[in-house]
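K.L.:
the sequence and its predicted three-dimensional model are supplied below.
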Amino acid sequence: MAKETTPTYEQARDELQDVVKRLEAGGLTLEESLTLWERGEKLAGVCEDWLEGARARLAAALARPAEGGDETPF
């Protein structure tokens, strides 16, 4: 069994947009709708994980003092 790789943020976002469009278009069976909904939930989680990681990296970068030891921005 092949291990599923985590998509990039952009890949997950684009696929999630496609899932939403397909659900909004209708014409699906209940089973198809549920399968798409579950995929959308998973993709939304992937996007949230990426965004949380980005927030943490940004917070860490902002918490570091400026290079050269001068904390004055001017």
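P.N.:
Ah, there it is.

K.L.:
any idea how many residues pack against Val46?
P.N.:
Neighbourhood size, Val46 [other Cβ atoms under 10 Å]: 19. C-beta coordinates here come from the backbone N, C-alpha and C atoms, glycine included.

K.L.:
and it, what does it touch?
P.N.:
Contact analysis of Val46 by Cβ atoms under 8 Å, 6 or more residues apart in numbering lists Thr6, Pro7, Tyr9, Ala12.

K.L.:
what helix or strand is it located in?
P.N.:
Taking DSSP states H and E as the criterion, Val46 maps to helix 30-63.

K.L.:
chain center to that helix, what's the gap?
P.N.:
From the chain centre to the centre of helix 30-63 is a distance of 3 Å (Cα atoms, centre = their mean, to the nearest Å).

K.L.:
most surrounded residue in the contacts of Val46?
P.N.:
The most neighbours of any of those, using other Cβ under 10 Å, belong to Ala12, which has 20 neighbours.

K.L.:
now do the phi/psi pair for that one.
P.N.:
Main-chain dihedrals, Ala12, degrees, to the nearest 10: phi -60, psi -40.

K.L.:
how about it, nearest residue that isn't a chain neighbour?
P.N.:
Spatial nearest neighbour of Ala12, chain neighbours left out: Val46 (4.2 Å); criterion: Cβ to Cβ, 6 or more residues apart in numbering.
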